[in-house]
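Chemist: Test case, fold it:
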Amino acid sequence: MQQQETIESYTIAIKNYNTALRFAPNDLKTLKLLGFALEKLSELQLRQNQSAQALESLKQAVATYERVFSLTPDDAIGLGYYGMVVERLAELLSKQDYVREAFLTYQQSLSIYDAAIKLAPNDYGNYALKASVFTSIADFYLSLLQYTQAVESYQQAIAFYDISLQLKYIRANEFDKAWIIQKLAQCLEHLLRYEEAFSCYQTVLEIFNRLLPTNDKHIQSVEQQIRKLAAQLN
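Modeler: Here you go, the predicted model:
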């Protein structure tokens, strides 16, 4: 009941923000509040298994943030946040099997990050966010068993993580990069590109050995994959 009341309270807030915008359509504070309320409403609707309503609310949030950043095109930080919301929309579309629309929306988020990077080329965060989008695209290709396309997107993700890590080293980002290289290796195995997969697993093992305790389960898993591939290559 409390959750339902919260959905109702956000619905009322959204109605009030839209009313206020009729009198001041370019008020940035109200637009941002509207965008945030629509995001929260979408999250709550998802928890209630209201998938169609959640998708529509998130689409409205994206449209609202688009209005915000048409008014503030030089806000690199704001653009980065806008890109994250668009990426969430793409993920929701993919989960609901809107394949074409999901891919177009992922491309939209990449374009937004490109604009943010152009404004702040030394901001490591936007490169990592762009890497995250390429990872999501690759995961989507993987779910469709399109391994060649998945490989290309994972490689793009790795390249942008490399740039981000060069600008500022963050341990968590290097760990995420290792996970992506491991996914890349698995795709290469599906394509029977065993030597490339073997090299990827070796890179993952090197990173995990630096970041994780000895005999960590992740290290053991990669070592097992390396032994398996070594046997196939010999």
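
Chemist: Residue 175 and residue 207 touch, don't they?
Modeler: Yes: applying CB atoms under 8 Å as the test, residue 175 and residue 207 come out as touching, 7.5 Å apart. The C-beta positions use only the backbone N, C-alpha and C, and glycine is treated the same way.

Chemist: joint contacts of these two?
Modeler: Residues touching both residue 175 and residue 207 by CB atoms under 8 Å, 6 or more residues apart in numbering: none at all.

Chemist: what about the spatially closest residue to residue 93 that is not a sequence neighbour, which helix or strand?
Modeler: For residue 93, ignoring the flanking residues on the chain, the nearest one in space by CB to CB, 6 or more residues apart in numbering is residue 102 at 3.9 Å. If you go by DSSP states H and E, residue 102 is part of helix 99-119.

Chemist: Packing partners of the following helix or strand past that helix?
Modeler: The helix or strand immediately downstream of helix 99-119 is helix 124-143, counting by DSSP H and E. In terms of contacts (3 or more CB pairs under 8 Å, 6 or more residues apart in numbering; DSSP states H and E), helix 124-143 is packed against helix 76-95, helix 99-119, helix 147-167, helix 171-190.

Chemist: okay, the angle between helix 124-143 and helix 76-95?
Modeler: 10 degrees (axes from the mean of the first three to the mean of the last three CA atoms, to 10 degrees).

Chemist: Just the buried residues of helix 124-143, please?
Modeler: 124-142 (16 or more other CB atoms under 10 Å).

Chemist: how much does that helix deviate in direction from helix 147-167?
Modeler: 160 degrees.

Chemist: how big is the angle separating helix 124-143 from helix 99-119?
Modeler: 160 degrees.

Chemist: Looking at helix 124-143 now, give me its mean pLDDT.
Modeler: Averaged across helix 124-143, pLDDT comes to 95.

Chemist: Tell me the gap between it and the middle of its chain.
Modeler: 5 Å (CA atoms, centre = their mean, to the nearest Å).

Chemist: ok, now stretch 74-84?
Modeler: That offset, for stretch 74-84, works out to 14 Å (CA atoms, centre = their mean).

Chemist: for stretch 75-92, same thing?
Modeler: 9 Å.

Chemist: Touching that stretch from outside, list them.
Modeler: 35, 39, 42, 46, 54-55, 58-59, 61-62, 65-66, 68-69, 72, 102-103, 105-106, 108-109, 112-113, 115-116, 119-120, 123, 125-126, 129, 132-133, 136.

Chemist: Equivalent analysis for stretch 127-141, please.
Modeler: In contact with stretch 127-141 (CB under 8 Å, 6+ apart) are residues 80, 83-84, 87, 90-91, 94, 102-103, 106, 109-110, 113-114, 117, 147, 149-154, 156-161, 163-164, 167, 170, 173, 176-177, 180, 183, 187.

Chemist: Among the residues you listed, name the buried ones.
Modeler: 80, 83-84, 87, 90-91, 94, 102-103, 106, 109-110, 113, 117, 147, 150-154, 156-158, 160-161, 163-164, 167, 173, 176-177, 180, 183, 187.

Chemist: where's residue 192 relative to residue 222, distance?
Modeler: 20 Å (CB to CB, to the nearest Å).

Chemist: between those two, who's got more neighbours?
Modeler: For residue 192 versus residue 222, neighbours defined as other CB atoms under 10 Å are more numerous around residue 222 (25 against 8).

Chemist: so what's the more buried one up against?
Modeler: So residue 222 contacts 182, 201, 204, 205, 208 (CB under 8 Å, 6+ apart).

Chemist: Recalculate using a threshold of 6 Å.
Modeler: 201, 204, 205 (CB atoms under 6 Å, 6 or more residues apart in numbering).
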